[in-house]
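Undergrad: give the three-dimensional model of this entry:
(one chain, ligands or ions: 1)
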Amino acid sequence: MITLEHISKRYGGITALDGISLEVPKGCLYGLLGPNGAGKTTALRILCTLLAPDQGRVVIAGVDALADPRGARQQLGYVAQEVAIDKILSGRELLELQASLYHLSAARARERIAMLTALLGMDEWLDRRCGSYSGGMRRRLDLASGLLHNPAVLVLDEPTVGLDIESRAALWDVLQQLREQGTTILLSSHYLEEVDALADRLAILDRGSVIAEGTPAELKRELGGDRITLRVREFASHDEAQKVQQLVQGLKGVSQVLINRAQGHAINFVIEAEGSEALLQLRQQLDAAEVPVFSLAQSRPSLDDVYLQATGRTLMDAELAAVSSRDPKAEKKQAMR
Ligand SMILES: Nc1ncnc2c1ncn2[C@@H]1O[C@H](COP(=O)(O)OP(=O)(O)OP(=O)(O)O)[C@@H](O)[C@H]1O
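TA: Take a look at the predicted model:
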């Protein structure tokens, strides 16, 4: 239903997308996971014909989106990151306005609004002015606007940012229902647990490139055995961590040894075997090699491990780096042009 082929996009000297390709099959809930600044919004805006790529091809439900943007838009519902809702209108008036922009007949508009009101639980407050809505209500109304014309493809940019746990769970339910009804959904997120819980398939985006793609289970399985986090001290120095890294690399059944700066220079690695026996043996090997142990934790691979393995840093680490290097004001200005 969605094909992106070799899409590149630069903003001045910044490469936001570096030749990414994606395929989303029909009826799939697809997650685009990546830290802030990875290029998720840029990819979604290109897909939704709101931004032109420098090169590449976009096909939505068989329609070439660059040659026929209008045709592609008829297949699409887009829920942007920033909610743009008028404060004076009521939710219902806003949906009616939106329905007329989609050229729905009055009868069809009434029918769709009634259906979406029930689906999204908006009955109690839809006739109130939007200015009085909470973040969760605004998100739901925004989702309803994206779904009014019953699109085959729904694209959501970070749909649960800023939502409380309850609203987030409600939104997840709605997305799962829509998928069951056959809607193809592409959502971007920087929440690992969200993509893990919802997505049938996912792509991990980092600095404008797809660094991993598959089902959550496949990606985790590819990492092999259990993940170990070893801390020699609460906050070790980089030099100390490097020494331990070399020691651990020499141990039996150990692979993919990395230093994790974000966790006080903890050492992350994989052990071939599973279970407590393996940990016990590892502990003995560490003692024999005279490696001090402040803490030693074992877990099954997670999506964060997939990211860590591909980039050498955790998602949280990447987020922090992105926050300090971006200029939101300049980006907003540029995006308005
Ligand atoms: N309008 C713009 N002008 C200049 N640079 C931009 C603009 N929009 C995005 N960028 C840069 O392009 C890169 C990708 O940004 P993009 O917004 O696509 O990432 P993202 O993964 O969606 O992050 P976020 O979730 O924070 O929006 C970043 O380095 C960002 O600083």
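Undergrad: distance-wise, check residue 64 relative to residue 108.
TA: Taking C-beta to C-beta, to the nearest Å as the criterion, residue 64 is separated from residue 108 by 28 Å. Bear in mind the C-beta positions are built from the backbone N, C-alpha and C, glycine included.
Undergrad: typo on my end, residue 119
TA: Taking C-beta to C-beta, one finds residue 119 at 16 Å from residue 108.
Undergrad: check residue 32 too.
TA: Taken as C-beta to C-beta, the span from residue 32 to residue 108 is 31 Å.
Undergrad: please apply the same query to residue 150.
TA: Applying C-beta to C-beta, the value for residue 150 to residue 108 is 9 Å.
Undergrad: without its sequence neighbours, what residue ends up closest to residue 120?
TA: residue 140 (4.5 Å; C-beta to C-beta, 6 or more residues apart in numbering).
Undergrad: that neighbour is in what secondary structure piece?
TA: For residue 140, the host element (DSSP states H and E) is helix 135-147.
Undergrad: kindly tell me how buried the closest residue to the ligand within the stretch 151-300 of the chain is, as a neighbour count.
TA: In the stretch 151-300 of the chain, the residue that lies nearest the ligand is residue 158 (5.7 Å; C-beta to the nearest ligand atom). Residues within reach of residue 158, counting by other C-beta atoms under 10 Å, total 21.
Undergrad: buried sites along stretch 251-269?
TA: Of the residues in stretch 251-269, those buried by neighbour count under the rule 16 or more other C-beta atoms under 10 Å are 251, 254, 256-260, 262-263, 265-269.
Undergrad: list the contacts for residue 56?
TA: Neighbouring residues of residue 56 by C-beta atoms under 8 Å, 6 or more residues apart in numbering: 4-8, 19, 46.
Undergrad: any low-confidence regions in the chain?
TA: 83, 274-276, 278, 323-337 (pLDDT under 70).
Undergrad: name the residues that touch the helix of greatest length in it?
TA: The residue-count maximum for a helix in the chain (DSSP state H) belongs to helix 165-180. Helix 165-180 is touched from outside by 27-29, 119-121, 134-136, 139-140, 143, 147, 154, 156, 159-160, 163, 185, 187, 194, 197-198, 200, with contacts defined as C-beta under 8 Å, 6+ apart.
Undergrad: tell me, what residue is most central in the protein?
TA: With distances taken as C-alpha atoms, centre = their mean, residue 189 lies nearest the centre of the chain, 2.3 Å away.
Undergrad: please name the nearest non-neighbouring residue to that one.
TA: Closest to residue 189 by C-beta to C-beta, 6+ apart is residue 195, at 5.3 Å.
Undergrad: surely the one you found is in contact with residue 302?
TA: No: contact between residue 195 and residue 302 fails when scored by C-beta atoms under 8 Å: they sit 11.1 Å apart.
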